[in-house]
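Trainee: sequence first, then the predicted structure:
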Amino acid sequence: MFSEPGVPKENWCRATRDVRRHAANLMVKIGLKYPLILLPIFDQIHLTVCGLQKDKQQLTKYEKVTLKVS
């Protein structure tokens, strides 16, 4: 996930938040439109998202909801 070094997520500029939001939405769209493409690497994606969700500084609330892992 892209983040500006040394800048807490509360101080991210709008462009950074928009790029991250767009990336999360694209992951969902790709999963809905082409599930067979992501199937071989689903476990890797799942582990990556779970790891990002554990660290509170990695994802915003919107990204957590968009990439929600049950």
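Mentor: Structure received. Numbers count the residues shown, from 1 in each chain.

Trainee: please name the residues that touch the residue nearest to the spatial centre of the chain.
Mentor: In the chain, the residue lying closest to the centroid (C-alpha atoms, centre = their mean) is Ala24, at 4.6 Å. By C-beta atoms under 8 Å, 6 or more residues apart in numbering, the residues touching Ala24 are 62-63, 66-67. The way it works is simple: take the backbone N, C-alpha and C, and place the C-beta from them, glycine included.

Trainee: try it again with 7 Å
Mentor: 63, 66-67 (C-beta atoms under 7 Å, 6 or more residues apart in numbering).

Trainee: now the worst-scoring helix or strand of the chain on mean pLDDT, how far from the chain's geometric center?
Mentor: Every helix and strand of the chain was ranked by mean pLDDT, DSSP states H and E. The lowest is helix 61-66, at a mean of 82. With C-alpha atoms, centre = their mean, to the nearest Å as the basis, helix 61-66 stands 8 Å off its chain's centre.

Trainee: ok, residues contacting it?
Mentor: Here helix 61-66 has contacts from 20-21, 24-25, 28, 53, using C-beta under 7 Å, 6+ apart.

Trainee: could you flag which of those are buried?
Mentor: Neighbour counting over these (16 or more other C-beta atoms under 10 Å) leaves 20, 24 as the buried ones.

Trainee: do a quick rundown of the helices in this structure.
Mentor: 14-33, 35-38, 42-54, 61-66 (DSSP state H).

Trainee: any idea how far Lys64 is from Val28?
Mentor: 13 Å (C-beta to C-beta, to the nearest Å).
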